[in-house]
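Trainee: Kindly generate the corresponding structure for this input.
(2 chains)
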Amino acid sequence: MNEKPEPILRAENITITFGGLKALDSVSLEINPGEITAIIGPNGAGKTTMLNVINGFYKPDQGRIIFEGKERPKHMKPNVIAAQGIARTFQNLALFTGMSALGNIMVGRTMKMRANIFSQALYWGFSQKEEIEHRKVVERIIDFLQIENIRRTPASMLPYGLRKRVELARALAAEPKLLLLDEPMAGMNLEEKEDIARFVLDANEELGYTIALIEHDMGVVMDICDRIVVLDFGKKIADGTPDEVKANPEVIKAYLGTAGE
Amino acid sequence: MSDLAMTFPHILIENAKKFPPSKVAMREKDYGIWQSYSWQDYLEQVRDFALGLASLGFKKDDKMAIIGDNRPQLYWGLAACQCLGGVPVPLYQDAIHKELHYIVDHSECRFSLAEDQEQTDKLMHLKDEIPRMEYIIYDDPRGLQNYKKDWLLAFTDVQEMGRKFGRENPDYFMDAVNQVKPDDMSIIGYTSGTTGNPKGVMITHRMIADCSRGFLQWDNLDETEEVMAYLPMAWIGDHIFSYGQALCAGFTVNCPESTATVVHDQKEIGPTHIFAPPRIWENILTQIMIKIEDSAWIKRKGFDYFMKVAARVEKKRIANEQVPFGDRILYQIGRFLFYAPLVDNLGMRKIKVAYTAGEAIGPEIFEFYRSLGVNLKQLYGMTESCAYVSMQKDGEIDSDSVGPPAPGVKIKISETGEVLYKSPGNFLGYYKNPEATAETLEDGWLHSGDAGYMTEQGHLKIIDRAKDVNQLNDGTMFAPKYIENKLKFSPYIKEAVAHGMNRDYVAVFIDIDYGAVANWAERRHIAFTSYTDLAQKPPVYDLIQEAIHKVNRSLAEDPRLKNSQIKKYLLFHKELNPDDGEITRTRKVRRKFIAEKYGNLIEALYDPSKESVDVEATITYEDGRTTTMRASLKIRDAETF
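Mentor: Purely as a prediction, here's the structure:
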């Protein structure tokens, strides 16, 4: 690694205020292609806000986002940004509960479907071919995440850990250039966490996804991430490899607890 | 039959000539779709892999360990090994390190074939300790990209090497196949055994071929059958069924997508032939019972009523008596409303014949399936006889015998009451263990170790393991397994261990079925935290007590067994687990081990002053870690009749 790769996404001096509260105060960060970047920080540090800015759900008051070398126009709609290749999962699950796991994951492909609604309804010609192509991608992901047995189960009937996995599957199905995961392991037991950590790592190593994630479990973050950005009260206080961050006294003070671990 | 039709490489080549490319030899569900392979594909895959092995230096008589779920690639690997005159050694995929180490070391495997990363990791660990193992080959490359070793190869890479090798040595494959003789060893099956180290059972091509053909003729099975391969490849039952019978008949073997999807996949395939140990039949029954309990009131009542009708009708049918007209009408209504939809949901609608083998099945469980119209039959055999000793004939079914001797089999009962037999499947001997062989095989007669007798109809009836059958202090016959199997009919009881040898009465350990009891408890708003906690809830004791009383009532009907009713019991604090050595991989109770490990619990059951007993147990996790837990177990009295 003698040459620094061009970051896939650069956020420069992002500031956003809600009412009088500065949720993000001039935060800059870079996400490098092929890496797993973690955004960590205590509650209310502005982590989710940062993800929302990256995927365009919030418009920053100041600062700019540069995605793949191009500056993003001020008022780009989130769906356009998603089409550019940024997918995400949510802290609180956002699945279509009445749909099967398979249906939910197929939703992740809609962005890439071209056939119109009528030919899709008839399932004929081009739309049939297209559907088969997309199903192939989805089946690979189902295989990847080992959820074959729940393919036809409605999302509402799935336990929490599996719903999280289906959500991850849906985000993967969009084949994004940048995948944002908002607390993919929240509320899980150790075994489920290990599973998801494995999948995130494999998605990065085997499938080559670039991932930015928010996570509270320091063990997981330190284990699987290439780089860590630490936020505290809307400000960036550290940015570097896990070892660098671990040694940073400010981080220890703000987040990791006492220094004598 | 010519000698050529007696080795599996030749049978495979014959099949590829005989069957059209449209005939499916094997199906595997992958990416949600059933992928088919013809016999020609089967042969090609086997040949490429065999040649690949040859290019790596695989020689005649080399051993290859095979570990993983039932994937076509593993069956091909097994066949490829045989084509080169080698001997496959299938391993139980859930076996712990110590067992695997023993088998791989003892069988002197030079090669090994693993299904995926999980199994590869285990083998790599073994390779560090056993340098004799030279190559590890894996099927599913997932997660293995970063394992860069020259001795670690992908299945497809080996096949690619094989194609190259085949171009350079065009006659190599057929030359190797022609060297294989019917009386060469074709597989070593390690039996987990209830005592001591596993023993390697040496079996030849001729044995598997003879027994497979015997099974096929008995039930008129042909190349149109469909079977599901989901039981461990290390079990002789799967080898006979998914490999031996499949090749001899040319029928289709279906590999499910994953172990979690077997039920659904089975429904899609609609197999015509099933071969499974009793625990599978018990599990299915438990699942049905859980679902029925959760269903609407009317369905539940209807199910109960019509299952009683079916049981009545089946009792008559088994006894070959006329079914009363009223019941015949009711049975047809029941079939329309309940039996047929249920059987269809289980994926058993097309079944011609289903076998339960490997262990005794509870008569109630057996009759349940038969009463639904599934042609379930019992079969008796062991690894040492290629599972081929006796089996039931259509029209001569009864729930507690295992049928007449199979064609070509002679059975006799020794003076001590032990079952001895001569079967075409009688094994060569235990690998590198002549003492054990001498104990088991005498003048061609195999000592089964089972106590049994021949009924008036000429059917073999197995009572229990010969060494387990004994007496209570008052002289009453005590057959622990008989009682345990009766208990296991309750969907809430997973496993039971009966004690009574040289005691005044019978007492049992009960291992609750966690899934079924947890479901039951949830519906009654009984809060619990773990298996141990749930098992010690008084309502759960009440629930199990009902099941015990039912067993006692049924024991009371038999004058010989009246005194062996259960007097005391306790619910166990943990599930009996092969990793802890309490049961074998095929779920046979290891009595001696339990008696040693839990001696204080057994003493407490016979100590009138005790109402509970403290237990401290060490639990082994799958990765070999251990932990200690403490609990106090209640002891209860059961009513006798």
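
Trainee: Would you map out the domains in chain B?
Mentor: B:3-208+B:230-263, B:278-465, B:470-637 (automatic domain parsing).

Trainee: and these, which is most packed in?
Mentor: Neighbour counts (mean count of other C-beta atoms under 10 Å in any protein chain shown) averaged over each of the domains of chain B peak at domain B:3-208+B:230-263, with a mean of 20. For glycine as for every other residue, the C-beta is placed from the backbone atoms N, C-alpha and C.

Trainee: Chain neighbours aside, what residue packs nearest to the residue nearest the centre of chain B?
Mentor: Centroid check for chain B by C-alpha atoms, centre = their mean gives residue B:277 as the closest residue, at 4.1 Å. Spatially, and ignoring its direct neighbours in sequence, residue B:277 is nearest to residue B:358 (3.8 Å; C-beta to C-beta, 6 or more residues apart in numbering or on different chains).

Trainee: residues touching the one you found, list them.
Mentor: B:235, B:237, B:277, B:278, B:387, B:586 (C-beta atoms under 8 Å, 6 or more residues apart in numbering or on different chains).

Trainee: what about it, distance to residue B:209?
Mentor: Distance from residue B:358 to residue B:209, counting by C-beta to C-beta, to the nearest Å: 21 Å.

Trainee: Check the chain for its longest helix and report it.
Mentor: Using chain A. helix A:126-145 (DSSP state H).

Trainee: Correction: the question concerned chain B.
Mentor: Looking across chain B with DSSP H, the single longest helix is helix B:297-318.

Trainee: Counting by contacts, list what that one packs against.
Mentor: The elements that helix B:297-318 packs onto, with contact taken as 3 or more C-beta pairs under 8 Å, 6 or more residues apart in numbering or on different chains; DSSP states H and E, are helix B:278-294, helix B:325-334, helix B:363-371.

Trainee: How far away from the center of its chain is the second one?
Mentor: Relative to the centre of its chain, helix B:325-334 is centred 35 Å away, using C-alpha atoms, centre = their mean, to the nearest Å.

Trainee: how far off helix B:363-371 does it point, in degrees?
Mentor: Using axes from the mean of the first three to the mean of the last three C-alpha atoms, to 10 degrees, the direction of helix B:325-334 lies 80 degrees away from that of helix B:363-371.

Trainee: Could you name the residue of chain B that is farthest from its center?
Mentor: Largest centroid distance in chain B under C-alpha atoms, centre = their mean is residue B:168 at 43.3 Å.

Trainee: hang on, the earlier thing: and the contacts of residue B:358, which two are furthest apart?
Mentor: B:278 and B:387 (14.0 Å; C-beta to C-beta).

Trainee: Paired strands for the longest strand seen in chain B, with orientation please.
Mentor: If each strand of chain B is counted by residues according to DSSP state E, the longest one is strand B:626-637. Next to strand B:626-637 in the sheet, as set by DSSP bridges, lie strand B:566-571 (antiparallel), strand B:612-620 (antiparallel).

Trainee: Would you mind naming the helix or strand containing the residue nearest the centre of chain A?
Mentor: Centroid check for chain A by C-alpha atoms, centre = their mean gives residue A:180 as the closest residue, at 1.4 Å. Assigned by DSSP states H and E, residue A:180 belongs to strand A:178-182.

Trainee: Which elements pack onto that strand?
Mentor: Counting by 3+ C-beta pairs under 8 Å, 6+ apart, strand A:178-182 packs on helix A:47-54, strand A:86-89, helix A:160-173, strand A:210-214.

Trainee: Wondering if the longest one reaches chain B at all.
Mentor: No - using C-beta under 8 Å from any C-beta of the partner chain as the criterion, no contacts between helix A:160-173 and chain B are found, and the smallest distance is 11.3 Å.
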